[in-house]
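Q: One predicted model, sequence on top.
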Amino acid sequence: MNEPSSSQHDQTRDIVRDHYAAVARDEGGAGCAPSCCGANPDASLALGYSAEELAAVPEGANLGLGCGNPQAIAALRPGQTVVDLGSGAGFDCFLASRQVGDAGLVIGVDMTPEMVNRARANAREHGVGNVSFRLGEIEHLPVADASVDVILSNCVINLSPDKAQVFRDAFRVLKPGGRLAIADVVAIAPIPDALRAEAGALSGCVSGAAPVAELEAALKAAGFERVKVDVRPESREVIAGWLPGSGAEDVVASAFVEAVRPGGEGCCAPTCCE
């Protein structure tokens, strides 16, 4: 199979950027369906967030975008530096900021200017000082080498046309012992060509999903160890609502993805980092 060209990669990014720019502007026709691709704050309860978490973030930060709750596996601690890939209006960043405290820092990276502007406005309006929102691509993070303890992401890596580069750059910015704690969509069966070709299925977190084995291989090739991809069959009902009638729930599922950059001292898994 021929590798996609750089122009194809750019076209994919343009489709995704245009879609989420419209979501950030609250354009009612922008979303394809609730949850991953279209703004629906109430959907976050179905994705594993608690009512307390929803109430704790600035108004306007929760767009209901995503396919899970990476906070559930992040095991964040005070003083840590955290990066959120594809941070949108800042929902997961604001939740993380409460856990890392004033001594910590949460950096949100998003390639959509409208989303970055919205997140920055939310932070200013609510006086959240330990967050920083930066414009950039998740394949080329505007973050220093070996400076991050934990990388979060919620249903964004599937949108990237170069997932292997996402993982290579994540490895670069993580400190030795640093961790990935990601919620994303994975392919559990071959995605039909007709569905893969739909622009709405791409921005809707379906057609860009990669098989579990492919993700595991890319993570290990980037240098990660203790790679774990936990597919969540219970996500079927949520995914069925993204592109109704498409059968997306038969070919993709939500998953938690975890991995560690080797070289740190001691254990840094959630069970022994608390």
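A: Everything's here; your move.
Q: For the helix or strand containing Arg168, name the packing helices and strands.
A: If you go by DSSP states H and E, Arg168 is part of helix 163-173. Using 3 or more CB pairs under 8 Å, 6 or more residues apart in numbering; DSSP states H and E as the contact criterion, the elements in contact with helix 163-173 are strand 81-85, strand 148-154, helix 212-222. Every residue, glycine included, has its C-beta placed from N, CA and C.
Q: Tell me the first helix or strand C-terminal of the shortest one.
A: Remark: after strand 81-85, the chain's next helix or strand is helix 91-100, criterion DSSP H and E.
Q: helices and strands around that next one, which ones?
A: Under the contact criterion of 3+ CB pairs under 8 Å, 6+ apart, helix 91-100 touches helix 51-56, helix 71-74, strand 81-85, strand 105-110, helix 113-126, strand 131-135, strand 148-154.
Q: change it to 7 Å
A: On a contact count with 3 or more CB pairs under 7 Å, 6 or more residues apart in numbering; DSSP states H and E, helix 91-100 meets helix 51-56, strand 81-85, strand 105-110, strand 131-135, strand 148-154.
Q: TSV for these, including mean neighbour count?
A: Below are the helices and strands packed on helix 91-100 laid out as TSV (neighbours: other CB atoms under 10 Å):
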stretch	mean neighbour count
helix 51-56	13
strand 81-85	27
strand 105-110	26
strand 131-135	19
strand 148-154	26
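Q: before we move on, back to that, and whichever helix or strand comes after the helix holding Arg168 with helix 212-222, angle?
A: Scanning forward in sequence from helix 163-173 by DSSP H and E, the next helix or strand is strand 174-187. On the basis of axes from the mean of the first three to the mean of the last three CA atoms, to 10 degrees, strand 174-187 is oriented at 160 degrees to helix 212-222.
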